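Engineer: Sequence plus predicted model, see below.
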Amino acid sequence: MRLTRFTDLALRVLMRLAVADADLPTTRDVAAAMEVPYTHTAKVVARLQHLGLVEARRGRGGGLALTAAGRAAPVGGVVRELEGAGDVVDCEGATPCPLRGACVLRGALRRAQEAFFAALDPLTVDDLVAAPTGPLLLGISGGPPGRTAGP
Ligand code: SF4
């Protein structure tokens with residue numbers, strides 16, 4: 001199974017925010033650290049805010065922060081939410097597969113997909129920034145010189 005770019009970026013944003021200190025990063029800071037376009041990052045941040053995993057704090061020192069729910073979120077649950085419950089294979093596409101009404105493979109692929117999510121469930125977002133990932137993230141995230149205004 002292959003994650004969408006959107007889901008992969010969402011996990012990277014969550015990891016970056018999990019190592020943030022009191023000097024909260026902005027969306028532009030996160031985009032720069034992850035080397036991805038600002039517009040993609042902004043869409044991902046909006047979705048994570050909608051899910052209650054990230055919040056934008058205003059004022060001096062404001063920026064993006066993980067919520068308590070975001071820090072403790074099971075990675076499998078986040079991926080499940082972002083990827084959706086669709087089939088791994090498009091059995092019902094423009095030319096529906098003739099086997100779709102009684103296909104053993106379809107059921108097996110659904111179970112495999114669920115097993116993929118379930119394997120990620122024991123991990124929380126916080127777990128993803130254990131060493132060596134957390135220190136590496138801090139090293140590439142830049143400091144005050146690269147900081148930009150607004151969340
Ligand atoms: S063979 Fe089965 S899994 Fe593959 S497209 Fe057809 S119904 Fe779907």
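Structural biologist: Received, thanks. Numbers count the residues shown, from 1 in each chain.
Engineer: Which residue, other than its chain neighbours, is closest to Tyr38?
Structural biologist: Ala31 (4.5 Å; Cβ to Cβ, 6 or more residues apart in numbering). (Glycine included, C-beta is placed from N, CA and C.)
Engineer: so does stretch 94-113 get close to the ligand?
Structural biologist: Yes: Stretch 94-113 comes into contact with the ligand (Cβ under 6 Å from any ligand atom), by way of 97, 99-100, 103, 105-106, 109.
Engineer: the bottom helix or strand of this protein by mean pLDDT?
Structural biologist: helix 133-140 (a mean of 89; mean pLDDT, DSSP states H and E).
Engineer: Name the residues that touch it?
Structural biologist: Helix 133-140 is contacted by residues 15-16, 18-19, 33, 129 when judged by Cβ atoms under 8 Å, 6 or more residues apart in numbering.
Engineer: Quick one: the strands in the chain, in order.
Structural biologist: Assigned by DSSP state E, the chain shows strands spanning 54-57, 63-66.
Engineer: Using JSON lines, lay out the ones you listed together with mean pLDDT, distance to the ligand and mean neighbour count.
Structural biologist: What follows is the strands of the chain, written out as JSON lines (pLDDT from 0 to 100; distance: least, Cβ to the nearest ligand atom, whole Å; neighbours: other Cβ atoms under 10 Å):
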{"stretch": "strand 54-57", "mean pLDDT": "95", "distance to the ligand": "36", "mean neighbour count": "18"}
{"stretch": "strand 63-66", "mean pLDDT": "95", "distance to the ligand": "38", "mean neighbour count": "22"}
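Engineer: May I ask you to confirm that Leu64 is in contact with Arg58?
Structural biologist: No: counting by Cβ atoms under 8 Å, Arg58 is not a contact partner of Leu64; they are 11.2 Å apart.
Engineer: Flag the shaky bits of the chain, pLDDT-wise.
Structural biologist: 142-151 (pLDDT under 70).
Engineer: From the chain's centre, how far out is the longest helix along it? Work that out for me.
Structural biologist: In the chain, assigned by DSSP state H, the helix with the most residues is helix 104-120. Offset of helix 104-120 from its chain centre (Cα atoms, centre = their mean, to the nearest Å): 20 Å.
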